[in-house]
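Trainee: Have a look at this prediction, sequence included:
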Amino acid sequence: MDHRTEFNVSISPSKVFLITGVSSGLGRAFAAAALDAGHHVIGTVRRASDAEAFGAMSPGRAHPLALDVTDYDAIPAAVIEAERQVGPIDILVNNAGYGHEGVVEESSMADLQRQFAANVFGPVAMIKAVLPGMRERRSGHIINVTSMGGFITMPGIAFYCGSKFALEGISEALGKEVAGFGIRVIALAPGQFRTDWAGRSMDRTPRSIADYDSVMDPIRAARQAKDGNQPGDPAKAAQALLALVAAPNPPVRLFLGEDALGLVEQKLEAVRAELAQWDELSRSTNWVP
């Protein structure tokens, strides 16, 4: 028996998307799918050449926006101007970000600050810029691209996992704050996709402590070897994004990829087992009059 579900990806009428980081990877795939479906896309880029290339994807409907999401002070005015030129933003997709690879002891506080600036503070600044309009209109979607690393953890990318855990928590709490305004907040958590995330886009801390060789060397080698051969298809991730926006009752989070689902199930089983093992100690802290 076939248990597959057919999902509607048709969004009518045409919507205005604001997608951060459309120069490559998932962001470019998201933008291409939305444009192909007839929507307008405001896409943030950091280089003039990327702006020109994005605008050429669909003249008149692809609107490049020169913006670095870590320039928090520039975001409100940029969003106001984009809406003035294109129209009210219906769907914000916080996609821009990057991965940092390095064990905690070898990585610097500056590494941590940069990771959270791009992966947490930037998305929150974007959210705060679009929320007043969405709240006034009593509608909108905010889709935060997190990661399976925002639910599970892996050694060697602690700062990245921490940033995605933070964005997951903010997304879930925000969704409860704005649900009464008709605004949907979704954490979109991909597994491994064929993007530059594990390649040129990744920031790698140089190795310095030999004690971590047995942990880090195999992980780093395997990740570099897999670059370009990941199981996830960005175009299919983009169709999943459109299906989320079209869904009358979208989930709080959606994991993308069989690899993500498998690792999440393993973690859930481990959490259940640990809860059961330590149940008595957990309950021992209750106040007894």
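Mentor: Okay, I see it.

Trainee: For the rest of this, base every contact and every neighbour count on C-alpha atoms.
Mentor: Fine.

Trainee: Point out where the stretch 151-289 of the chain drops to low pLDDT.
Mentor: Residue ranges of the stretch 151-289 of the chain with pLDDT under 70: 197-199, 228.

Trainee: any idea how far Thr20 is from the residue nearest to Lys15 when sequence neighbours are not counted?
Mentor: Leaving out its chain neighbours, the residue that sits closest to Lys15 by CA to CA, 6 or more residues apart in numbering is His39, at 5.2 Å. Distance, His39 to Thr20, using CA to CA, to the nearest Å: 16 Å.

Trainee: between the two, who's got more neighbours?
Mentor: For His39 versus Thr20, the count of surrounding residues by other CA atoms under 10 Å is larger for Thr20: 27 against 20.

Trainee: Just the pLDDT for the spatially most central residue of the chain.
Mentor: The centroid of the chain falls nearest to Val145 when counting by CA atoms, centre = their mean (1.4 Å). Predicted confidence (pLDDT) for Val145: 97.

Trainee: Thought Ala189 was touching it, still the case?
Mentor: Yes - counting by CA atoms under 8 Å, Val145 does reach Ala189; the two are 6.0 Å apart.

Trainee: Starting from the helix or strand hosting Arg28, tell me the next helix or strand along the chain.
Mentor: For Arg28, the enclosing helix or strand under DSSP states H and E is helix 25-36. Downstream of helix 25-36, the first helix or strand assigned by DSSP H and E is strand 40-45.

Trainee: Taking helix 25-36 as reference, get the angle to that following strand.
Mentor: Relative orientation of strand 40-45 versus helix 25-36 (axes from the mean of the first three to the mean of the last three CA atoms, to 10 degrees): 160 degrees.

Trainee: Verify the stated contact: Tyr98 with Met202.
Mentor: Yes - between Tyr98 and Met202 there is a contact at 6.2 Å, judged by CA under 8 Å.

Trainee: Leaving out the residues flanking it, which one is nearest to Ser201?
Mentor: Tyr98 (6.4 Å).

Trainee: Can you report phi and psi for the one you found?
Mentor: Dihedral angles phi and psi of Tyr98 (degrees, to the nearest 10) take the values phi -150, psi 170.

Trainee: What's the separation between it and Glu258?
Mentor: Look at Tyr98 and Glu258: by CA to CA, they are 22 Å apart.

Trainee: higher neighbour count, these two?
Mentor: Per other CA under 10 Å, whichever of Tyr98 and Glu258 has more neighbours is Tyr98, with 17 against 14.

Trainee: Where do the strands of the chain begin and end?
Mentor: With strands called from DSSP state E, the chain shows them at 16-19, 40-45, 62-66, 91-94, 100-101, 140-145, 183-190, 203-204, 253-256.

Trainee: Show me what the first one is packed up against.
Mentor: Which is strand 16-19. Counting contacts by 3 or more CA pairs under 8 Å, 6 or more residues apart in numbering; DSSP states H and E, strand 16-19 packs against helix 25-36, strand 40-45, strand 91-94.

Trainee: Just send these back as TSV, with mean pLDDT, mean neighbour count and distance to Glu274 too.
Mentor: Formatted as TSV, those follow (pLDDT from 0 to 100; neighbours: other CA atoms under 10 Å; distance: least, CA to CA, whole Å):
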stretch	mean pLDDT	mean neighbour count	distance to Glu274
helix 25-36	97	22	35
strand 40-45	98	26	43
strand 91-94	98	25	34
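
Trainee: Can you add distance to Thr195 and give those back as JSON lines?
Mentor: Putting these into JSON lines (distance: least, CA to CA, whole Å) gives the following:
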{"stretch": "helix 25-36", "distance to Thr195": "5"}
{"stretch": "strand 40-45", "distance to Thr195": "17"}
{"stretch": "strand 91-94", "distance to Thr195": "16"}
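
Trainee: Determine which of these approaches Leu167 most closely.
Mentor: strand 91-94 (10.2 Å; CA to CA).

Trainee: So what are the sheet partners of that closest one and their directions?
Mentor: Partners of strand 91-94 in the sheet, by DSSP bridges, are strand 16-19 (parallel), strand 140-145 (parallel).

Trainee: Turn the ones you listed into CSV, including distance to His63.
Mentor: Formatted as CSV, those follow (distance: least, CA to CA, whole Å):
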stretch, distance to His63
strand 16-19, 9
strand 140-145, 19
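
Trainee: out of the ones you listed, which comes closest to Phe159?
Mentor: Of those, nearest to Phe159 by CA to CA is strand 140-145, at 16.2 Å.

Trainee: what angle sits between the closest one and strand 183-190?
Mentor: Using the same axes, to 10 degrees: strand 140-145 against strand 183-190 is 20 degrees.
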